[in-house]
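>>> My questions concern the predicted model and sequence given below.
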Amino acid sequence: MSLIKNLWYRFRELILYGIIGGFCAALDFGIYTLLGLWIPYLWANVVSVHCGIFCSFFLNRSLNFKVKDRPAQRFTIFYMVGLSGLALSEGLIWLMATRWAWTYIAAKLLTVIVVAIYQFVLNKLITFKKSNNG
């Protein structure tokens, strides 16, 4: 039990980020899949990723990283990280769907994993970095 406790304390933020990210990714993927039935998949991705960004920020801010100071500044940084993830996602989906002939669903599934890792690192180091006075 001690090992599990140690692992939890050592990797708590990563584990919670994964759980929250899984929930927000499921929301993103569900919206993407539904919208993909009616609009082009790259547009569906733009809308669904934005839903995931908002969901992820508010859940990570309050449940995971637990930083309450400078909410507007932190959201702006988180949103910029999210937009860079969106650009990465759009590029990868386009590449996989148009150049490699993957389905748009399979392309989205892979990009969710790649983008989640990329964004965790940036959000941990920049967005939710504990300030010296808060």
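Good, I have the coordinates. Residues are numbered from 1 along each chain as shown.
>>> hey, let's count contacts and neighbours off CA atoms from now on
Noted.
>>> Not counting its neighbours along the chain, what's nearest Val115?
Gly85 (5.7 Å; CA to CA, 6 or more residues apart in numbering).
>>> measure that neighbour to Phe11 for me?
Separation of Gly85 from Phe11 (CA to CA, to the nearest Å): 23 Å.
>>> List the buried residues in the longest helix along the chain.
Criterion DSSP state H: the longest helix present in the chain is helix 2-35. For helix 2-35, burial by neighbour count (16 or more other CA atoms under 10 Å) applies to 13-14, 16-18, 20-25, 27-29, 31-33, 35.
>>> next helix or strand past that helix?
The first helix or strand that comes after helix 2-35 along the chain, using DSSP states H and E, is helix 41-59.
>>> Show residues contacting that following helix.
Helix 41-59 is contacted by residues 20-21, 24-25, 27-29, 31-33, 35-36, 75, 78-79, 82, 86, 90, 93-94, 104 when judged by CA atoms under 8 Å, 6 or more residues apart in numbering.
>>> so where does the residue nearest to the spatial centre of the chain fall, helix or strand?
Taking CA atoms, centre = their mean, the centroid of the chain lies closest to Ala116, which sits 4.8 Å from it. Using DSSP H and E, Ala116 sits within helix 104-122.
>>> Off-centre distance for that helix?
With CA atoms, centre = their mean, to the nearest Å as the basis, helix 104-122 stands 8 Å off its chain's centre.
>>> who touches it?
14, 17, 21, 25, 29, 33, 41, 81-82, 85, 88-89, 92-93, 96-97.
>>> quick one: average pLDDT of stretch 64-75?
Mean pLDDT, stretch 64-75: 84.
>>> Only the buried residues of it, if you could.
Asn64, Phe65, Val67, Arg74, Phe75.
>>> end-to-end on that stretch?
For stretch 64-75, the end-to-end distance is 15 Å (CA to CA).
>>> which residues touch that stretch?
So stretch 64-75 is in contact with Glu13, Leu16, Tyr17, Phe57, Asn60, Arg61, Ser62, Thr127, Phe128, Lys130, Gly134, going by CA under 8 Å, 6+ apart.
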